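Trainee: Structure, please.
(one chain, ligands or ions: 1)
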Amino acid sequence: MPFLFCCAISGNVFAQKFEELAQTPPMGWNSWNTFQTNINEQMLRDMVDAYVASGMRDAGYTYFVLDDGWMAMDRDKDGNLVADPKKFPSGMKAFADYVHSKGLKFGIYNCAGTRTCGGYPGTHGYEYQDARLYASWGVDYLKYDWCNTDSINARDAYLTMSKAIRAAGRPMVFSLCEWGNHQPWLWAKNIGQLWRTTTDIHAGFDKDLNNGTWFSYSVLHILDLQTSIRQYAGPGHWNDPDMLEVGNGMAYSEDKAHFSLWCMLAAPLIAGNDLRKMSDETKSILTNKDVVAIDQDSLGVEAYRFYSFDGLEIWVKPLANNGVAVCFLNRSSHPQNINYEWKDHLLTDSVSKITIDFNKTTYSLRDLWAKKDLGTTSKTFKYTVGAHDVIVLRLSRL
Ligand code: GLA
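Mentor: Modelled structure (predicted):
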């Protein structure tokens with residue numbers, strides 16, 4: 001018994017993660033989805049400028065994250081990572097300073113293996129040294145991947161890096177990118193602030209992409225893999241269904257549906273498009289503050305799938321202050337009519353324990369994309385949702 005007591009105490013004392021970070025899902029931009037490893041200082045400075053000029057920062061996006069490809073192929077003689085001098089002639093500290101000077105936070109990427117997925121030096125065996133280097137540059141966010149890990153134990157590898165970040169002393173959001181292989185939602189709550197739940201996304205609505213030796217998943221495929229793990233997410237520890245593909249080639253309605261669903265899932269909102277050439281439609285999706293507010297709601301509860309029939313689904317996300325968001329999703333390739341009697345359906349959520357009976361309480365309805373009030377739950381809701389599209393309603397108690 002005394003032994004157990006001692007271990008319980010030390011578990012708390014040495015809790016490694018910075019608890020205060022990411023109380024709502026992190027928002028930012030990452031270089032991977034558009035540029036892969038083709039990044040360089042000038043292009044990224046232009047991206048930082050566009051981040052601010054486009055209104056992304058004002059809409060709540062904060063992190064600017066470099067993904068794979070920022071490093072030179074070898075460490076220096078002291079074992080330190082080096083920013084590729086051709087891509088980053090001014091060095092990484094100068095680039096981080098530039099990001100910070102615009103009121104943004106700076107994120108970087110590495111991998112738990114011996115090499116990153118792109119073949120650059122991995123962190124395995126250098127955890128404390130790399131964390132200290134990142135802290136000296138002013139890194140605020142670390143995405144930590146899972147390539148070339150052979151027989152490494154996932155929980156141990158991520159725990160070690162989490163402790164290394166803590167020891168380096170600078171608060172950093174720790175983003176686990178282990179693709180859900182070892183169910184991080186079961187063990188990563190005290191290790192990091194977010195964990196990937198699946199393999200990589202691609203800009204496709206309902207069809208996976210064959211990359212030869214592996215598939216990247218469509219928006220709907222990833223969506224379907226989230227339903228059984230929603231109870232593991234909450235303030236400070238989020239399921240990450242991967243970065244956004246808004247503006248990367250899907251139709252407008254599909255981008256809108258993808259974004260809405262990620263907000264319903266309380267997913268990290270990490271844009272992955274070229275911010276320098278965003279269409280007005282793309283901008284209007286990413287910066288829709290009312291939809292972003294659903295994602296950022298302080299209750300931090302993920303939506304559940306309440307109804308599914310013939311390609312039409314209803315997703316329900318309980319919100320703080322007795323609110324609720326309801327998203328009607330049409331997965332099919334033809335329009336579908338909704339004729340929904342609120343009073344006929346009790347909304348009950350096993351995770352938040354919230355129950356709504358529309359016979360007892362009436363709610364007002366606001367369409368967050370059309371930015372229009374649509375009456376109340378005392379009337380039948382009639383609407384036609386287009387193919388591969390959504391309508392997102394915010395319900396407020398009257
Ligand atoms: C993995 C990750 C991606 C990206 C690449 C970089 O595939 O899942 O998000 O970081 O590696 O090589």
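
Trainee: So I152 sits against G125, correct?
Mentor: No - contact status for I152 versus G125: not in contact, 10.3 Å apart, counting by CB atoms under 8 Å. In short, each C-beta sits where N, CA and C put it, glycine included.

Trainee: the more surrounded of those two?
Mentor: Between I152 and G125, counted using other CB atoms under 10 Å, the more crowded position is I152 (15 against 11).

Trainee: Next, that one: secondary structure please.
Mentor: What DSSP: H, G, I helix; E, B strand; the rest coil gives for I152 is coil.

Trainee: Equivalent analysis for the one 10 residues further on, please.
Mentor: Counting by three-state DSSP, the backbone at S162 sits in helix.

Trainee: lowest-pLDDT helix or strand in this structure?
Mentor: Within the chain, no helix or strand scores below helix 2-13, which has a mean of 41 by mean pLDDT, DSSP states H and E.

Trainee: what's the following helix or strand after it?
Mentor: Under the assignment DSSP states H and E, the closest C-terminal helix or strand after helix 2-13 is strand 27-30.

Trainee: How many residues are close by V139?
Mentor: Neighbours of V139 under the rule other CB under 10 Å: 25.

Trainee: contacting residues for it?
Mentor: 96, 106-108, 170, 172 (CB atoms under 8 Å, 6 or more residues apart in numbering).

Trainee: Would you map the strands across the stretch 151-300 of the chain?
Mentor: In the stretch 151-300 of the chain, the strands defined using DSSP state E, counting those that start in this stretch lie at 173-176, 194-196, 209-210, 215-216, 238-240, 269-271.

Trainee: could you dump these to a markdown table with mean pLDDT, distance to V292 and mean neighbour count?
Mentor: Below are these laid out as a markdown table (pLDDT from 0 to 100; distance: least, CB to CB, whole Å; neighbours: other CB atoms under 10 Å):
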| stretch | mean pLDDT | distance to V292 | mean neighbour count |
| --- | --- | --- | --- |
| strand 173-176 | 98 | 18 | 27 |
| strand 194-196 | 98 | 17 | 27 |
| strand 209-210 | 98 | 27 | 12 |
| strand 215-216 | 98 | 25 | 16 |
| strand 238-240 | 98 | 15 | 26 |
| strand 269-271 | 99 | 7 | 27 |
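
Trainee: I'd like the ones you listed written out as CSV, with distance to the ligand added.
Mentor: Formatted as CSV, the strands of the stretch 151-300 of the chain follow (distance: least, CB to the nearest ligand atom, whole Å):
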stretch, distance to the ligand
strand 173-176, 10
strand 194-196, 7
strand 209-210, 13
strand 215-216, 9
strand 238-240, 10
strand 269-271, 10
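
Trainee: Need those strands in TSV (columns: distance to I285).
Mentor: As requested, those are exported to TSV (distance: least, CB to CB, whole Å):
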stretch	distance to I285
strand 173-176	23
strand 194-196	22
strand 209-210	22
strand 215-216	21
strand 238-240	19
strand 269-271	10
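
Trainee: Of all these, which one comes closest to L398?
Mentor: Among the strands of the stretch 151-300 of the chain, strand 269-271 comes nearest to L398, with 29.8 Å by CB to CB.

Trainee: Helices of the chain, residue ranges please.
Mentor: Under the criterion DSSP state H, the chain carries helices at the ranges 2-13, 32-35, 41-53, 91-101, 127-137, 154-168, 219-224, 252-264, 280-286, 289-295.
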